[in-house]
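>>> Could you work out the structure for the sequence below:
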Amino acid sequence: MKEQLTAAGLSYLRHAFTCAAVLYMSGITDPKVLANAFIAGLVGPLLKAIAPNEKQFGIIYKSTTKKGE
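Numbering: from 1, shown residues only. Okay, the predicted model is just below:
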């Protein structure tokens, strides 16, 4: 379980970092804008985490499935 949480956390951080890096590489260097991009980059993976049919990192999927399946 710990490895799966680590994998999910790293996936979320990679996505958020990429969003901020794209803005920085395009010339936007305002720290507030970059911080907002980083936070916005977490929205997509967090929505994936709460999706009931997401098998890889979905939190709700795991809590609604029966053990042993």
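>>> okay, now His15: neighbour count?
For His15, the neighbour count with other C-beta atoms under 10 Å is 17. All C-beta atoms are positioned from the backbone trio N, CA, C, and that covers glycine.
>>> what do you get for Ala8?
The tally of other residues near Ala8 (other C-beta under 10 Å) stands at 17.
>>> so it makes contact with Leu46?
No: counting by C-beta atoms under 8 Å, Ala8 does not reach Leu46; the two are 10.2 Å apart.
>>> can you pull out the helices in this structure?
Residue ranges of the helices in the chain, as given by DSSP state H, are 2-25, 31-50, 59-64.
>>> could I get these as JSON lines with mean pLDDT?
Shown next, in JSON lines, are those (pLDDT from 0 to 100):
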{"stretch": "helix 2-25", "mean pLDDT": "87"}
{"stretch": "helix 31-50", "mean pLDDT": "87"}
{"stretch": "helix 59-64", "mean pLDDT": "57"}
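>>> What separation do you get for Ser26 and Asn36?
Separation of Ser26 from Asn36 (C-beta to C-beta, to the nearest Å) stands at 15 Å.
>>> Look at these two and report which has more neighbours.
In this view Ser26 and Asn36 are compared by other C-beta under 10 Å, and Asn36 has more residues nearby, 14 against 8.
>>> neighbours around Gly41, how many?
Other residues near Gly41 come to 22 when the count uses other C-beta under 10 Å.
>>> Same check on the one 5 residues further on?
With neighbours defined by other C-beta under 10 Å, the count for Leu46 comes to 15.
>>> check contacts around it.
For Leu46, the contact set (C-beta atoms under 8 Å, 6 or more residues apart in numbering) comprises Tyr12.
>>> try Ala16
Phe38, Ile39, Ala40, Gly41, Leu42, Pro45.
>>> and if we set it to 7 Å?
Listed by C-beta atoms under 7 Å, 6 or more residues apart in numbering, the contact set of Ala16 reads Phe38, Gly41, Leu42.
>>> any idea how far Ala8 is from it?
Using C-beta to C-beta, we find Ala16 at a distance of 13 Å from Ala8.
>>> still on that earlier bit, possible to save the contacts of Ala16 as TSV with distance to Pro52?
Below are the contacts of Ala16 laid out as TSV (distance: C-beta to C-beta, whole Å):
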residue	distance to Pro52
Phe38	27
Gly41	23
Leu42	20
